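K.L.:
The following comprises the amino acid sequence and a computationally predicted model.
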Amino acid sequence: MNRAFYERDVCAVAEDLIGCVLRNGPCAGLIVETEAYHESEPSCHAFVGLTARTRTLFGPPGIAYVYRSYGIHALVNAVAEPEGIGAAALIRALEPIEGIALMRERRGAEAVADLCSGPGKLTQALAIRLDDNGASLTGGPIEILPRRAALPAPGIVRSVRIGITKAVELEWRFSLAGSRFVSRPRPR
DNA sequence: CATGGGATTGACT
DNA sequence: GTCAATCCCATGC
């Protein structure tokens, strides 16, 4: 995907990422779940303004925002909207496509549905690390590729975001309808 | 400088 | 269903 894809409303970006492919080296997966975050709402890290932590979020669209969650996990986002606006789409789950043996090794799990069914799991499976923060998603080793085909009906489900305590009412979570590879709790 | 709180996961009851 | 692990950063004194 090129820069123009990311330089749009972050909800549109998050929704359009469903069905695209996230790849890092030999491992790749179909994006089946995303969430949008925008500086205008308090659950977004960028809500506090420009700080050392949020610098990436305000950077150019099409770069990765990777941060540590709960002191343990790395979570990866695609930075969206024009440079200077803090917004990003969190990638929450993948359907594994390639490099499954390596994913199993990294995750210490066997079932394919357990490899990338959560934002902390998929970064571990694809070996996306904190030092990838700020890396380009349009030309670097980590890349997002367009949908190969139209999404199967019934398409995309929209629901509230997960694990946040503010702006909980916004339906900014997007999932591939009926996918077994989304994180819990599954959307209705 | 001290402190509180997560965009989570996996183990356990 | 409950709960601990673990650490960076934003905030406030």
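P.N.:
Arrived safely.

K.L.:
got the residues of chain A near DNA strand C?
P.N.:
Where proximity means C-beta under 7 Å from any atom of the strand, the interface of chain A facing DNA strand C comprises A:48, A:51-54, A:68, A:70-72. Backbone N, C-alpha and C define where each C-beta goes, glycine included.

K.L.:
could you redo those residues as TSV and give each row distance to DNA strand B, pLDDT and neighbour count?
P.N.:
TSV is the format used below for those (distance: C-beta to the nearest atom of the strand, whole Å; pLDDT from 0 to 100; neighbours: other C-beta atoms under 10 Å):
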residue	distance to DNA strand B	pLDDT	neighbour count
A:Val48	11	95	12
A:Thr51	12	94	11
A:Ala52	13	92	6
A:Arg53	10	95	14
A:Thr54	8	96	20
A:Arg68	6	96	13
A:Tyr70	4	95	8
A:Gly71	5	94	5
A:Ile72	5	95	7
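
K.L.:
Next one: stretch A:162-171, is it in contact with DNA strand B?
P.N.:
Yes. Using C-beta under 7 Å from any atom of the strand as the criterion, contacts between stretch A:162-171 and DNA strand B involve A:162-165.

K.L.:
does A:Glu15 sit in a helix, a strand or a coil?
P.N.:
Three-state secondary structure (criterion: DSSP: H, G, I helix; E, B strand; the rest coil) places A:Glu15 in helix.

K.L.:
Looking at the residues of stretch A:162-171 next to DNA strand B, which is nearest A:Ala149?
P.N.:
Distances from the residues of stretch A:162-171 next to DNA strand B to A:Ala149 were compared by C-beta to C-beta; the smallest belongs to A:Ile162, at 27.9 Å.

K.L.:
Need the nearest residue in space to the residue of chain A found nearest DNA strand C, chain neighbours excluded.
P.N.:
For chain A, the residue closest to DNA strand C is A:Arg53, as judged by C-beta to the nearest atom of the strand, at 2.4 Å. Excluding the flanking residues, the one nearest A:Arg53 by C-beta to C-beta, 6 or more residues apart in numbering is A:His45, at 6.5 Å.

K.L.:
Check A:Ser136 too.
P.N.:
Residue nearest to A:Ser136 in three dimensions, not counting chain neighbours: A:Ile63, with 5.6 Å by C-beta to C-beta, 6+ apart.

K.L.:
where does that neighbour sit relative to A:Asp132, distance-wise?
P.N.:
A:Ile63 sits 10 Å away from A:Asp132 when distances are taken as C-beta to C-beta, to the nearest Å.

K.L.:
the more surrounded of these two?
P.N.:
Comparing A:Ile63 with A:Asp132 by neighbour count (other C-beta atoms under 10 Å), the higher total belongs to A:Ile63, at 26 against 21.

K.L.:
which residues of chain A score low on pLDDT?
P.N.:
Scanning chain A with the threshold set as pLDDT under 70 gives no residue ranges.

K.L.:
Show me the strands in it, by range?
P.N.:
In order along the chain, chain A carries the following strands (DSSP state E): A:21-24, A:27-38, A:64-69, A:73-79, A:87-98, A:142-145, A:156-159, A:173-176.
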